Structures are given as C-alpha cells and as structure tokens.
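>>> Model the structure of this input:
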Amino acid sequence: MELGCKLNNRIAAIAPLARTMQANPNSFCSPVHPTGVLTILGTDDLVSPYNGIVFGGIEYYISAAATHSYWATHNNCNATATLSTVSPSVERYTWSTASGCAYVEELKVIGGGHDWPGSFGNMTIDANIEIWQFVSRYDINGLIGCITASINENNGQTDNYKVFPNPFNQELTIELKSAQSNDFSIYNVIGELVTRGKLNSQVNTIDLSSLAPNVYILTIENQSIRLIKTK
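The predicted structure is shown next:
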C-alpha cells in the first residue's frame, strides 16, 4: 500500500493482501488522482490483525475499517459500502461514488488468517484472479469509462490554482492563489512524466505546443487537474 501512496502518480490501482494501512496515513500519503484499491483481508489474521496493530500504546497499522474509509474519502465515495456474498466465507464490500464508479473494494475472508487465498488458506476465491480483474479496470485517470470528480476537470481550478483555457491548443495559463513559486508536473494517461518546470509568478503562461493531442494530468502541490490538449 505504501507504493500506492509514494508512487501514486505512476500507479492506477493497488491490491494489498493481508495488510492494512500504516498509521497516520495523512503524514505520508497524498494521492493525486482517483486510485482503485482492493484489499483481501482475513478476520483472524494473527500476523497482521484485521483491527490494526497497536503495541505499547503506539498504533503502527490502522484497522481495516479506517483503511477503507481513508481511500473511500479520497475517491469521493459514499461512506457506506454495499455488501455482496461471494461464498459462505467471503464477503465483498464495495465503496462507490455518487455516479456509480467503484473505487474501493474489500474481500473480507471470514475466519481467514495470514493467507493467500487460492494458493493456501481460503480456497473459495483465487487472489491472483481477483487482483488482476480489479486492477485491470483502472488507468491513471481512474475507473476506465466512468466519470469521476476526484480530479478537478470541470471548473479548471483547485484550492490553490486555476488553469485556462482547458481544453488548450498551444499555451496554458496557470494562475496561482499566491505569488509563491511552485513546481509543476504534467503526466500522460499511463502515469509517465512528460514535462515539469517551475512557476515563478502568480500568473504563468506555459508553451505546451510540443505535446501531442491527448489527455494529461497537471499536478501542483499534490493537487491535480485533468488537461485536454487539442490539435
């Protein structure tokens, strides 16, 4: 799960198995785009307990509930998950956005231990198949074919900056809320960095004529906007 946080600009979806999230996620995790998250957790895991790890009064890993809440909040999902029964020992919980985009799922293995379902432990699901079927539904923009609001794309602005025009053809103007200099990065739809630079004034005009017509992600201070480059 740590890679999904620290390399979020390159990773579309993650599927941690038999491990919840490290404590204090806001201190190290700043996702910049809608991120698919599937967990496969056993309720009786003694190595990585379902309710997290607390030792000597210090929390090291948060609970499954807190883990799912963190990612559901980031992905603008409803707080309450829908439940479906996969088998007598496996329940599927799904958190979706208001538009029906499913971004967070849990395969809860009732009575499961520190196992890899389908290989050892629970044999009613195959973790390998479940993981691939889940992550393959996402690209760097989120759930493929589903509109999401986690990346600002309609009004062209975040709390700290706005861009115009969008769509753009040759040049893009970035207006910062303050005159403080900032770095910017632009990624393509598969998470590859295509250009980066520094914004030295409150209003900045960037020549992006070298970019091919496509969809891109502009990131400044962990806030992202979807850009559309036209012909």
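>>> got the contact list for the longest helix along the chain?
The helix spanning the most residues in the chain, taking DSSP state H as the definition, is helix 64-74. Residues outside helix 64-74 that contact it (CB atoms under 8 Å, 6 or more residues apart in numbering) are 1, 20-21, 25, 29, 31, 35, 37, 39, 41, 50-52, 62, 77-79, 81, 93, 95, 103-104, 106, 108, 150. C-beta here means a position set from N, CA and C on the backbone, and glycine is covered the same way.
>>> Please pick the buried ones from these.
1, 20-21, 25, 29, 31, 35, 37, 39, 41, 50, 52, 62, 77, 81, 93, 95, 103-104, 106, 108, 150 (16 or more other CB atoms under 10 Å).
>>> Might you list the low-confidence residue ranges for the protein?
147-155, 189-191, 222 (pLDDT under 70).
>>> what's the spacing between the closest residue to Val37 other than its chain neighbours and Gln180?
In space, Val37 comes closest to Trp71 once its chain neighbours are excluded; the distance is 4.4 Å by CB to CB, 6 or more residues apart in numbering. Trp71 is 30 Å from Gln180, where distance means CB to CB, to the nearest Å.
>>> Next, the contact list for the residue lying closest to Glu106 once chain neighbours are set aside, please.
Sequence neighbours aside, Tyr93 is the residue nearest to Glu106 in space, at 4.4 Å (criterion: CB to CB, 6+ apart). Neighbour list for Tyr93: 68, 81-83, 105-106, 108 [criterion: CB under 8 Å, 6+ apart].
>>> of those, closest to Glu130?
Nearest to Glu130 out of those is Glu105 (CB to CB; 9.0 Å).
>>> helix/strand/coil for that closest one?
Following DSSP: H, G, I helix; E, B strand; the rest coil, the label given to Glu105 is strand.
>>> ok, whichever helix or strand comes after the longest helix of the chain: who's next to it in the sheet?
Next along the chain after helix 64-74, taking DSSP states H and E as the criterion, comes strand 82-87. Strand pairing for strand 82-87, determined by DSSP bridges: strand 90-96 (antiparallel).
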